[in-house]
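S.K.: got a predicted model here, sequence first, then my questions.
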Amino acid sequence: MSLGGMRLPGRIPLSGLPRLFRSLRPLRQERGLQIQQRLRHLAVAILLGFSHASLGVDSQRLTPAGDAAEPPFRWGLVAYHVDLPGYELTLSDIDRMADAGIRWLSIDLAWSRIQPDPQSPFDFAFFDLLVDAARQRGLAVVGKIGAGYNGNRPIAPAWTRNLDEADYLAALEDYAEATTRHFADRIHSFAVENEFNIPNVHSLIGWRVGVWTPDFMNRVMQTLAHAVHTQAPGAELIISVTPLAFFESGIERMNRLIDYDVVGIHTYPAGFVPDLALVDSIKGQIARARQASGGRPILILETGMHTEKPPWTETLQADYLEAVSQASRQAGAIGIFFYQYLDNRNEAGRERYFGLVTSDRTPKAAWQRYRSLIAREVERDAGSAAQPADRREASSSSR
């Protein structure tokens, strides 16, 4: 999750504040509405992010009981998130992802693309192409449904801006049930909404329209969960959160409201300060999410680093990718999805530079690093699986 192209960290230690403000000096050179907008975003980030700086939880990994082998780690990629032309994917893109060893894709089944007009029939052609190509190459898909981004980053259609809560929920139900039913035999993991715990932050920066009360978001989440359970029974259901202040209370709220399987964390621990030492904060985020969810599996469903300009370089992006992968595995996450595959000129500010591949399909350093990392870790996991249980545990703890 980002604010005006600045990805929010889930936790910034107070010692990092001087570096934060030094890194923001270029903002003083901007003028007019642009600087006003960025300062507003920064104020929100400070309010929500720094308020969590003093909280801590034991981040020790929970060791599974018995000798049962863990399922393979999910090496993933956010392949299609916002319905903008620059994110258009081709079959060659799917081939490239598969050849790199990536085995999971996050694809937003964008309502705006499926039903751009309220009177139009649901059109799944684009997503049929992507999902079928992914499956043919051995890639599993997390289908994201119901993200309420109906502002300047379209995921929900613009016509939903004019609906009251009851009409929005009715239209959402139709879309969600049709979509999960259509893909039920091909997609076995669905993530519902997008960062349900901070919808009004999205509204503040223009990604959503209107006020999203907790009661309304509760009904949105119940509507989406019901669609998955009834139209794709047996599918894994993921909720996604951003680990800002008191995010645990949002998870606990969902414990009471819906039946879900996995918590997906969207986190950018080095979003403001280009310091890889901040990456270790992800371990505490995973521990707190696990505790709040009653011990459910935790998935890093979105993390990344932009390469707009120094000190955020392609080398730093590659180093971040490796460091956050290691920290996530050490903390017991079941997988990690990097945001994202492509740069996009349709986006604003730093948001356009989060790709591991440029908009003209030129790989950045992080792309090759990810490919090498996956190959190395898969080989290591295969070797660990062949070891006795006591040696497997020792090998895992040494990562």
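M.R.: On my side now, so go ahead. Numbers count the residues shown, from 1 in each chain.
S.K.: and the helices in the stretch 51-200 of the chain?
M.R.: For the stretch 51-200 of the chain, the helices defined by DSSP state H, counting those that start in this stretch cover 91-99, 111-114, 125-136, 165-183, 199-204.
S.K.: can you list the neighbours in contact with the second one?
M.R.: The list of residues contacting helix 111-114 from outside it, by Cβ atoms under 8 Å, 6 or more residues apart in numbering, reads 83, 122-124, 126-127, 145-147, 150, 154-158, 160, 172, 175, 178-179. To be clear about C-beta, it is placed using only N, CA and C from the backbone, and glycine gets the same treatment.
S.K.: let's see 6 Å
M.R.: The contact list for helix 111-114 (Cβ atoms under 6 Å, 6 or more residues apart in numbering) reads Asp83, Phe122, Asp123, Pro154, Ala156, Pro157, Tyr175.
S.K.: give the contact list for the residue nearest to the fifth one when sequence neighbours are not counted.
M.R.: With Cβ to Cβ, 6 or more residues apart in numbering as the criterion, Ala156 has its nearest non-adjacent residue at 4.0 Å, and that residue is Asn150. Asn150 is in contact with Ala156, Thr160, Arg161, Val209, counting by Cβ under 6 Å, 6+ apart.
S.K.: Met217 too?
M.R.: Residues near Met217 by Cβ under 6 Å, 6+ apart: Phe196, Pro199.
S.K.: that one: what secondary structure?
M.R.: helix (DSSP: H, G, I helix; E, B strand; the rest coil).
S.K.: what about it, distance to Ala323?
M.R.: Note on Met217: its distance to Ala323, by Cβ to Cβ, to the nearest Å, is 33 Å.
S.K.: any chance of the helices of the stretch 51-200 of the chain in TSV, with mean neighbour count, distance to Arg369 and mean pLDDT too?
M.R.: Output for those, formatted as TSV (neighbours: other Cβ atoms under 10 Å; distance: least, Cβ to Cβ, whole Å; pLDDT from 0 to 100):
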stretch	mean neighbour count	distance to Arg369	mean pLDDT
helix 91-99	16	15	98
helix 111-114	21	31	98
helix 125-136	17	22	98
helix 165-183	18	32	99
helix 199-204	19	31	93
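S.K.: Val378: which of those is closest?
M.R.: For Val378, the closest of those is helix 91-99, at 13.6 Å, according to Cβ to Cβ.
S.K.: who are the packing partners of the closest one?
M.R.: Where contact means 3 or more Cβ pairs under 6 Å, 6 or more residues apart in numbering; DSSP states H and E, helix 91-99 is packed against helix 125-136.
S.K.: how about 8 Å then?
M.R.: Applying 3 or more Cβ pairs under 8 Å, 6 or more residues apart in numbering; DSSP states H and E, one finds that helix 91-99 contacts strand 74-80, helix 125-136.
S.K.: show me the contact partners of it.
M.R.: Residues outside helix 91-99 that contact it (Cβ under 8 Å, 6+ apart): 77, 79, 105, 129-130, 133-134, 137-139, 341-342, 357, 361.
S.K.: phi and psi next, for Leu384.
M.R.: Just to correct that, residue 384 is Ser rather than Leu. Reported as degrees, to the nearest 10, the phi and psi values for Ser384 are phi -70, psi -40.
S.K.: can I get the helices of the stretch 51-200 of the chain in TSV with distance to Gln368?
M.R.: Converted to TSV, the helices of the stretch 51-200 of the chain look like this (distance: least, Cβ to Cβ, whole Å):
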stretch	distance to Gln368
helix 91-99	12
helix 111-114	31
helix 125-136	21
helix 165-183	32
helix 199-204	33
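S.K.: closest to Gln330 among the contacts of helix 91-99?
M.R.: Using Cβ to Cβ, these come closest to Gln330 at Leu77, 21.1 Å.
S.K.: nearest residue to that closest one in space, please, no chain neighbours.
M.R.: The spatially closest residue to Leu77, leaving aside those adjacent along the chain, is Ile102, at 5.1 Å (Cβ to Cβ, 6+ apart).
S.K.: just to check, the one you found is in contact with Leu139?
M.R.: Yes. Counting by Cβ atoms under 8 Å, Ile102 touches Leu139, with 6.7 Å between them.
S.K.: counting neighbours, go ahead and name the busier of those two.
M.R.: Set Ile102 next to Leu139 and count neighbours by other Cβ atoms under 10 Å: Ile102 wins out with 25 against 21.
S.K.: wait, what's in contact with that one?
M.R.: Trp75, Gly76, Leu77, Leu139, Tyr370, Ile374.
S.K.: try it again with 10 Å
M.R.: Applying Cβ atoms under 10 Å, 6 or more residues apart in numbering, we find Ile102 in contact with 74-77, 79, 94, 96, 134, 137-139, 337-338, 341, 370-371, 374.
S.K.: make a ChimeraX selection of whichever of the residues you listed turn out to be buried.
M.R.: In ChimeraX, this line selects whichever of these come out buried by 16 or more other Cβ atoms under 10 Å:
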select :74,75,76,77,79,94,96,134,137,139,337,338,341,370,371,374
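S.K.: can you list the helices and strands packed on helix 91-99 in JSON lines and add distance to Ile114?
M.R.: What follows is the helices and strands packed on helix 91-99, written out as JSON lines (distance: least, Cβ to Cβ, whole Å):
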{"stretch": "strand 74-80", "distance to Ile114": "13"}
{"stretch": "helix 125-136", "distance to Ile114": "7"}
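S.K.: tell me which of those lies nearest to Val262.
M.R.: With distances scored as Cβ to Cβ, the stretch of the helices and strands packed on helix 91-99 nearest to Val262 is strand 74-80 (10.1 Å).
S.K.: quick one: mean pLDDT over that closest one.
M.R.: For strand 74-80, mean pLDDT rounds to 98.
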